[in-house]
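Engineer: Whatever this is, show me its structure:
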Amino acid sequence: MYHFFVDRSNIFDNTVIIDGPDYNHIKNVLRMKEGEEISVGNGEDENEYRCMIDRFEDDKVYCKLMFVKEANVELPAKVTLYQCLPKADKMELIIQKCVELGVSEIVPVASKRCVVKLDDKKASGKVSRWQGIAEAAGKQSKRAYVPIIGQVLSYKDALKDAAKADIKIIPYELSEDVESTKKIFENIKPGQSVAVLIGPEGGFEEEEVAIAREAGFTPISLGKRILRTETAGMTVMAWLTYCLEIL
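Structural biologist: Next comes the predicted model:
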């Protein structure tokens with residue numbers, strides 16, 4: 001079943017209105033017809049609004065609300081991924097998969113070894129595109145809301161932004177104590193916030209790790225093998241999903 005997001009104001013009196021780009025997608029791309037069922041989220045609560053297409057009118061899809069159920073699809077802990085800028089289109093893959101795995105927010109970070117350099121204009125365009133990818137991934141995985149893609153921050157600004165998190169971790173290839181990592185992950189409680197800082201292709205400089213330690217980040221190991229930057233964040237998210245939803 002296809003899933004879409006609408007403003008909360010578009011759900012009223014047993015009616016759901018879908019407009020904007022989704023109107024064209026539903027009518028002309030998916031070629032859906034009256035009577036077909038879809039699910040909708042309003043991006044504010046965790047309810048799933050199940051509805052049936054009633055009619056297409058004035059560039060809007062009018063749907064009849066059938067029932068509402070608690071979706072319960074979000075991780076019980078809020079996870080913010082601070083991802084140092086990778087090369088090429090790797091960021092798109094990271095966003096897509098981490099949204100599927102339950103991340104709450106992704107903040108792009110410019111660290112010393114990042115090959116990619118973005119000026120304000122390019123950064124704004126990238127973030128806009130990345131937000132669209134997050135929305136598409138949220139629809140596909142039937143998230144209750146669309147995770148936020150933040151503005152590109154400097155390394156030091158990212159550490160400041162993460163200061164509010166209850167748990168702060170930084171996967172680092174020189175960390176070897178996987179048992180400590182297990183304990184940290186298993187002790188994360190529902191309702192807590194988690195900040196995860198992932199390095200670029202060249203990894204972190206020792207000075208950057210030292211600064212992160214001073215900011216309250218704990219270096220962790222993700223295993224015996226060195227992971228690519230696009231794999232590390234997904235591994236953390238998968239591990240957190242297991243600890244928070246399965247254990």
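Engineer: Give me the mean pLDDT for the longest helix that the chain contains.
Structural biologist: Counting by DSSP state H, the longest helix found in the chain is helix 120-140. Average pLDDT, helix 120-140: 92.
Engineer: and it, what does it pack onto?
Structural biologist: Helices and strands in packing contact with helix 120-140 are listed as strand 3-5, helix 90-100, strand 105-110, strand 148-149; criterion 3 or more C-beta pairs under 8 Å, 6 or more residues apart in numbering; DSSP states H and E. C-betas here are computed from N, CA, C, even on glycine.
Engineer: can I get the ones you listed in TSV with distance to Glu57 and mean pLDDT?
Structural biologist: Output for the helices and strands packed on helix 120-140, formatted as TSV (distance: least, C-beta to C-beta, whole Å; pLDDT from 0 to 100):
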stretch	distance to Glu57	mean pLDDT
strand 3-5	17	92
helix 90-100	32	97
strand 105-110	36	96
strand 148-149	32	96
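Engineer: Other residues contacting the longest helix of the chain?
Structural biologist: 2-5, 91-92, 95-97, 99-100, 106, 108, 118, 143, 145-152 (C-beta atoms under 8 Å, 6 or more residues apart in numbering).
Engineer: mind redoing it with 6 Å?
Structural biologist: Contacting residues not belonging to helix 120-140 are listed as 3, 92, 95-96, 99-100, 146-147, 149, 152 [C-beta atoms under 6 Å, 6 or more residues apart in numbering].
Engineer: What are the buried residues along stretch 212-221?
Structural biologist: Neighbour-count burial for stretch 212-221 flags 212, 215, 217, 219-221 (criterion: 16 or more other C-beta atoms under 10 Å).
Engineer: ok, back up a step: need the max-distance pair from the contacts of helix 120-140.
Structural biologist: Spatial extent of those (C-beta to C-beta) is set by the pair His3 and Val152 at 28.8 Å.
Engineer: hang on, the earlier thing: so can I have TSV of the contacts of helix 120-140 showing neighbour count?
Structural biologist: Converted to TSV, the contacts of helix 120-140 look like this (neighbours: other C-beta atoms under 10 Å):
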residue	neighbour count
His3	17
Glu92	18
Ile95	26
Gln96	19
Val99	26
Glu100	16
Val146	18
Pro147	23
Ile149	24
Val152	22
